[in-house]
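1. quick one, fold the following:
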Amino acid sequence: MRIRAPFLLLLLIVPSVLPAEDIQVRVYSAHPPTALTVSAIEGRLHWRSCPACAEETGQSLTVESAKASTPRATKDAEKEFLITGIYRLQPPDGPTFSSSFPLRIQAPVGGLIILVSMPIEQYVEHVVMAEIGDFRNPEALKAMAVAARSYAKRFSGQHSKEGFDFCDTTHCQVFYWRSVTEGIRLAAEATRGEYVSYEGKVAATFYHENCGGTTAAGSESWDQVSEPYLTVHPDPYCVSRGLSWKMTLTRDQINRALLMLGFEPPQNWLRLEISSRNSSGRVRTVNLSGGNPASFPLSGPSLRFAVDRMFPWNKIQSDLYDLRNSGGRILFSGRGAGHGVGLCQAGTAEMARQGKTYKEILSFYYPGTQLSSSESEAWQKRSDERFDLISTGPDG
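-> Predicted structure coming up:
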């Protein structure tokens, strides 16, 4: 009698794919509400008022920030609600959002801190939803998905000192809660796990709306950014789309904007002049002259940030401009929108329209980089009638 013994391979108990990276996003970060109602959309909410507290359930929960004038202020400020379920967020003012991702709410004086935890892939979908503008071509959407994912991996923990990864504003990446379109979902899924890398590290994939025909070096906007793939180069694709703008500011408006940002402009200054430009042609420094003191140098990005924060309806859209003084007014004439570093969204849309793939688009805007994938390193399981093999390579 012949006994057939199957070949046995000792198996490690691991998931077929490693757990996805989670991102903690602070929502309502620009205008924190002082109260928020969380309502169940399906089933019931489950929450704890502290990590060690007993779980409670209900159809809704209202959380209010601590009030400094009450004796309970310190105790209220230490509260932290951990909430799960399918819910809707309803502040007294502002948009309502729906989600099923785990929610954490802290209640300090001055406004609630509302944090949502989600896998990085879902985060990418909602960022692309916010950032795409008029993107329709699948290759443009894929390029944007990879850029957003790379940025998230590179700068995860940008707000770590505050207890989360990203805010939901342009300080990090804009994040919209509204339902993701099928095109964006497919683009994120098609590039799942892919990111831009340089010499084995995740690349700093900055992006912007319109470079005005010439991209900028990273150091033009941020002194500490000197990556060799964030370079100055012509962008013929963006030129074909174009974006020119004009605007007028008074001296008083500029004074108010600078004061709000912590600068002290000279008294009774008369002229705003461009004193130097970067290699991309963008304004590097400006000077307020004719006042007391007679000269007041200022970086171009600082002027733009100050004005855009003070007068969001009347923006200096980029640092690629000329200006003219006329009486008490300064006339700006420029092109492009945003800092100009990295991927140009207008150029991306045009490249995709011309038949370029998302890989070609990323290579053009981040020259010298490679496309890597975290999915390729995930554990995968292959089976037949005799054994199960778990490896990091599907062809192993």
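2. what's the average pLDDT for stretch 251-258?
-> Stretch 251-258 carries an average pLDDT of 95.
3. likewise stretch 364-380?
-> 79.
4. burial count for A145?
-> 28 (other CB atoms under 10 Å). Using the backbone N, CA and C atoms, a C-beta is placed for each residue, glycine as well.
5. you'd agree it is in a strand?
-> No: counting by DSSP: H, G, I helix; E, B strand; the rest coil, A145 is not part of a strand but helix.
6. check contacts around it.
-> V124, E125, V128, I184, A187, A188, T191 (CB atoms under 8 Å, 6 or more residues apart in numbering).
7. the third one belongs to a strand?
-> The one in question is V128. No: with three-state DSSP as the criterion, V128 is located in helix rather than a strand.
8. quick one on the thing from earlier: mind putting the contacts of A145 in CSV, pLDDT and distance to G334 included?
-> Shown next, in CSV, are the contacts of A145 (pLDDT from 0 to 100; distance: CB to CB, whole Å):
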residue, pLDDT, distance to G334
V124, 95, 31
E125, 94, 33
V128, 94, 27
I184, 93, 31
A187, 96, 31
A188, 95, 34
T191, 97, 33
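9. give the contact list for the residue nearest to the spatial centre of the chain.
-> The residue lying closest to the centre of the chain (CA atoms, centre = their mean) is Q173, at 1.0 Å. By CB under 8 Å, 6+ apart, the residues touching Q173 are V127, A130, E131, A148, Y151, A152, F166.
10. mean confidence score for the helix or strand where the fifth one lies?
-> Taking DSSP states H and E as the criterion, Y151 maps to helix 138-155. Rounded to a whole number, the mean pLDDT of helix 138-155 is 96.
11. next SSE after it?
-> strand 166-167.
12. got the contact list for that following strand?
-> 23-26, 29-30, 123, 152, 155-156, 158-159, 172-173, 175.
13. at 10 Å instead, please
-> 23-30, 123, 127, 151-152, 155-159, 172-175 (CB atoms under 10 Å, 6 or more residues apart in numbering).
14. so in this protein, which strand runs the longest?
-> strand 35-48 (DSSP state E).
15. that one - contacts with which helices or strands?
-> strand 56-58, strand 60-64, strand 80-90, strand 97-99, strand 103-106 (3 or more CB pairs under 10 Å, 6 or more residues apart in numbering; DSSP states H and E).
16. chain center to that strand, what's the gap?
-> 27 Å (CA atoms, centre = their mean, to the nearest Å).
17. got the phi/psi numbers for T205?
-> For T205, the backbone dihedrals (degrees, to the nearest 10) come out as phi -90, psi 70.
18. quick revisit: just the buried subset of the contacts of strand 166-167, please.
-> Burial by neighbour count, judged by 16 or more other CB atoms under 10 Å, picks out 23-29, 123, 127, 151-152, 155-156, 158-159, 172-173, 175 from the contacts of strand 166-167.
19. what pLDDT does P312 get?
-> Taking P312 on its own, its pLDDT is 77.
20. does it sit in a helix or strand, and which one?
-> Per DSSP H and E, there is no helix or strand for P312.
21. list the contacts of it.
-> Here P312 is in contact with no residue (CB under 10 Å, 6+ apart).
22. quick revisit: so how far is E125 from the residue nearest to the centre of the chain?
-> 12 Å (CB to CB, to the nearest Å).
23. show me whatever sits in contact with both of these two.
-> A148.
24. below-threshold pLDDT in this protein: ranges please.
-> 1-20, 69-78, 133-134, 375-396 (pLDDT under 70).
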